[in-house]
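1. This is a predicted model, with the sequence first.
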Amino acid sequence: AEAEDLKGTISEEAYQEYQDNIKTLKRFAREKEDAADGTASAKRALRIIRNQQTIAVSALMRDYQALLAQDEIARKSLEAAELSYASSERQCAIGMISGEALLAAQDALNAARASADASASALRKGKQSLITALGWSYDGNPDIREIPEPDLMKVSDYHLETDMELAVGANYDVADIRRTDKSQFNGTQDKLRQIREKENEVRMQMEYLYKEVQQKVLSYQSVKDGWPAAEAKLAQAERKLALGMISRAEYLAEEITWLTAKANKEQTALNLQAAMETYEWAIKGLVK
């Protein structure tokens, strides 16, 4: 517009130069805008990848802790099977049990040994997956700490209606539809319809995730309430063993029961932790 206003007051050469300058500046502005959009898109993509990797590593950490508990049970079960087989050998030698009973004890020992080997292998692979995801070499040996108990105070701060709208506002899929030019849809109304549908999907998913957290809280509290009884029973078995009231084999049976209860308690805690993390990531825009 400015060039047209000047057209009658300057030479044709100056007018053309002015026009060329305007075109150059506009092209430069467009390039800057495109570069900014590209940088923002790249940063957004990297942020999504980083968040997804964080989620994946958290899952690997939970898997590793669960494998650790199962390996402890498998090793203790092998110890019990070895003790049982040794006892069967002695009994068979003095004719207290038949050869068939000894073979049954040997089969049980072989099964326990195979289970312990499989458990150790799974634990080793789980550790390798975890540490390589964190940048360590597969044979590294970092100190891996236990996952803390779930913080139930955080759950009490969840507010579904508020969190639902935060999730909708942050959701990457909703944002992608909003950012897409309307020419890619069958008109503006089609674009708006798809946005509403995706927003409703996010709200429904948030409601489901919220219920999942509440259910996992109930399971966790139930198992936790029963845990003191399991500890008391093991402590009683330890006292009986010290007094010679029960055999080592009987004590191992009690210890395996306790380890199984412990693994169950840890698994319910891990399940709750996973549900909480999924809910919180959904608020930040990442809904599975």
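-> Perfect, I can see it now. The shown structure was predicted, so the numbers you read here are calculated from the model rather than taken from an experiment.

2. Below-threshold pLDDT in the stretch 151-288 of the chain: ranges please.
-> 288 (pLDDT under 70).

3. one more time with 90
-> Counting by pLDDT under 90, the stretch 151-288 of the chain shows low-confidence ranges at 175-189, 191, 286-288.

4. got a list of what the most centrally placed residue in the chain touches?
-> A centroid search over the chain (CA atoms, centre = their mean) returns residue 59, at 2.8 Å, as the residue closest to the centre. If you count contacts by CB atoms under 8 Å, 6 or more residues apart in numbering, residue 59 has them with residue 274. C-beta coordinates here come from the backbone N, C-alpha and C atoms, glycine included.

5. That one in helix, strand or coil?
-> helix (DSSP: H, G, I helix; E, B strand; the rest coil).

6. Now do the helices for the stretch 51-200 of the chain: every range, in order, please.
-> Ranges of helices in the stretch 51-200 of the chain, per DSSP state H, counting those that start in this stretch, are 99-133, 152-156, 160-170, 172-179, 188-242.

7. CSV for those helices, including mean neighbour count?
-> Output for these, formatted as CSV (neighbours: other CB atoms under 10 Å):
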stretch, mean neighbour count
helix 99-133, 15
helix 152-156, 12
helix 160-170, 16
helix 172-179, 15
helix 188-242, 15
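
8. Throw the ones you listed into CSV and include distance to residue 278, thanks.
-> Converted to CSV, the helices of the stretch 51-200 of the chain look like this (distance: least, CB to CB, whole Å):
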stretch, distance to residue 278
helix 99-133, 18
helix 152-156, 13
helix 160-170, 11
helix 172-179, 15
helix 188-242, 6
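
9. which one of those lies closest to residue 139?
-> Residue 139 lies closest, by CB to CB, to one member of those: helix 99-133, at 7.9 Å.

10. tell me what the closest one is packed against?
-> Using 3 or more CB pairs under 8 Å, 6 or more residues apart in numbering; DSSP states H and E, the elements in contact with helix 99-133 are helix 12-93.
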